[in-house]
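**Q** Structure here, sequence nowhere to be found:
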């Protein structure tokens, strides 16, 4: 069944509300709407924390842009020189004063003012600054009160999706190594996309923690978020070991069909656990891992290979090590999930007893 495409998200809705309220206020005050609306559009942030923090940067930055617009319009009028000097001066000033988050808004404010400034420079400065400030303030208020950002569900979905992808990449790469095939271009791209997606999920976790500074949350939400972060940390460790396999050279290794089958079955089992939502580990998987450990322990006499220049671990040893390391992290995921379910059941039990 195809996924439904979500065309309108919370941020789009909030942008529309911020634009409407900003335009309405400017209309009542008989201020130019354009500056305020432009500012409202570009200042909706992913979190309330970002909106408030960046508002304190954008307000003085907008004043700088408006001041340069007045100055260069007075000197050169509505000419190409004014647009160039206002843009450059605003960017340089914001950079020197470390108002980086306000550079875009300040520059837009400055260049948009040039064509509207006539003889009343003083009043134009305060009206434009007032309308821009209105857009910034309304955007922050809308972000605070309307549809407060909640990334919890997105984080959960992304973690499971990333584990599914990790299992697929893990399976494909191990088959390449066993078949002495070089790393495929598609697999390399999938792994790089996986790393990027994990970075983005960690960013969502940061957004969620920042958001809690301004909204009341329950202990259950904190506990659920704690478990998500632990799973994401474990996933990051899995990807580290997966990366070792990705960049392991595909060289010839002497393995019997039985040993190859043992590795393939272990990889398929780990992949299946990644794909299961509860990370259930069957008894058969533990038996397979015990056989791998026995095999690994017998590798002492062939642990190192020597060549003309140096001594290094054999490819067979490295594959076994990474398999066992990923298995340990799978057990960690299973433990985290078990603790999470136990806490949920305990919470439901306490509710049933009216605690």
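**A** Looks like it came in fine. Quick caveat, the model's predicted, so the values are computed rather than measured. Numbers count the residues shown, from 1 in each chain.

**Q** got the buried residues for the helix or strand hosting residue 52?
**A** Assigned by DSSP states H and E, residue 52 belongs to helix 48-76. Neighbour counts over helix 48-76 (16 or more other Cβ atoms under 10 Å) mark 48-52, 54-55, 57-59, 61-73, 76 as buried. No exception for glycine: its C-beta is placed from N, CA and C like everyone else's.

**Q** so what's the most centrally placed residue in the chain up against?
**A** Taking Cα atoms, centre = their mean, the centroid of the chain lies closest to residue 200, which sits 1.7 Å from it. By Cβ atoms under 8 Å, 6 or more residues apart in numbering, residue 200 lies in contact with residue 158.

**Q** what does residue 176 give?
**A** Contacts for residue 176 (Cβ under 8 Å, 6+ apart) come out as 182, 183, 184, 187, 250.

**Q** For the third one, give me its contacts.
**A** When contacts are counted by Cβ under 8 Å, 6+ apart, residue 184 touches 172, 176.

**Q** show me where this protein has strands.
**A** For the chain, applying DSSP state E gives strands covering 304-306, 311-313.

**Q** worst average pLDDT in those?
**A** If the strands of the chain are sorted by mean pLDDT, strand 304-306 sits at the bottom with a mean of 51.

**Q** Model confidence score at residue 257, please.
**A** Each residue has a pLDDT score; the one for residue 257 is 86.

**Q** From residue 263, how far out is it?
**A** As defined by Cβ to Cβ, to the nearest Å, residue 257 lies at a distance of 11 Å from residue 263.

**Q** quick one, which of these two is more surrounded?
**A** A direct count of neighbours by other Cβ atoms under 10 Å for residue 257 and residue 263 places residue 263 higher, at 21 against 7.

**Q** was I right about the more buried one contacting residue 319?
**A** Yes. Residue 263 is in contact with residue 319 according to Cβ atoms under 8 Å; the separation is 7.0 Å.

**Q** joint contacts of the two?
**A** Common neighbours of residue 263 and residue 319 (Cβ under 8 Å, 6+ apart) are residue 174.

**Q** quick one, helices of the stretch 51-200 of the chain?
**A** Ranges of helices in the stretch 51-200 of the chain, per DSSP state H, counting those that start in this stretch, are 80-96, 103-114, 121-145, 152-178, 185-211.

**Q** quick one: the last one to helix 152-178, angle?
**A** Put plainly, it is helix 185-211. Orientation note: helix 185-211 sits at an angle of 150 degrees relative to helix 152-178 (axes from the mean of the first three to the mean of the last three Cα atoms, to 10 degrees).

**Q** If I take helix 185-211 and helix 121-145, what angle do their directions form?
**A** Using the same axes, to 10 degrees: helix 185-211 against helix 121-145 is 100 degrees.

**Q** I'd guessed residue 211 sits against residue 148; true?
**A** Yes. Taking contacts as Cβ under 8 Å, residue 211 lies within contact range of residue 148: 6.7 Å.

**Q** Spit out the residues that contact the two alike.
**A** In terms of Cβ under 8 Å, 6+ apart, residue 211 and residue 148 are both contacted by the residues residue 48.

**Q** of these two, who's got more company?
**A** The neighbour comparison of residue 211 against residue 148 (other Cβ under 10 Å) goes to residue 211, with 21 against 14.

**Q** residues making contact with stretch 20-35?
**A** Residues outside stretch 20-35 that contact it (Cβ under 8 Å, 6+ apart) are 36-37, 39-40, 109, 112-113, 116, 127-128, 130-132, 134-135, 138-139, 142.

**Q** can we see that at 6 Å?
**A** When contacts are defined by Cβ atoms under 6 Å, 6 or more residues apart in numbering, stretch 20-35 is touched by residues 36, 37, 40, 109, 112, 127, 128, 131, 132, 134, 135, 138.

**Q** Using pLDDT, spot the least trustworthy of these.
**A** Lowest pLDDT within the contacts of stretch 20-35 is found at residue 128 (78).

**Q** mind listing what residue 140 touches?
**A** By Cβ under 6 Å, 6+ apart, the contact set of residue 140 is 51, 52, 55.

**Q** Domain-wise, how is this structure divided?
**A** Domain ranges of the chain: 10-145, 159-352, per automatic domain parsing.

**Q** ranking the ones you listed by burial, who's on top?
**A** Per residue and on average, the most neighbours among the domains of the chain fall to domain 10-145, with a mean of 19 (mean count of other Cβ atoms under 10 Å).
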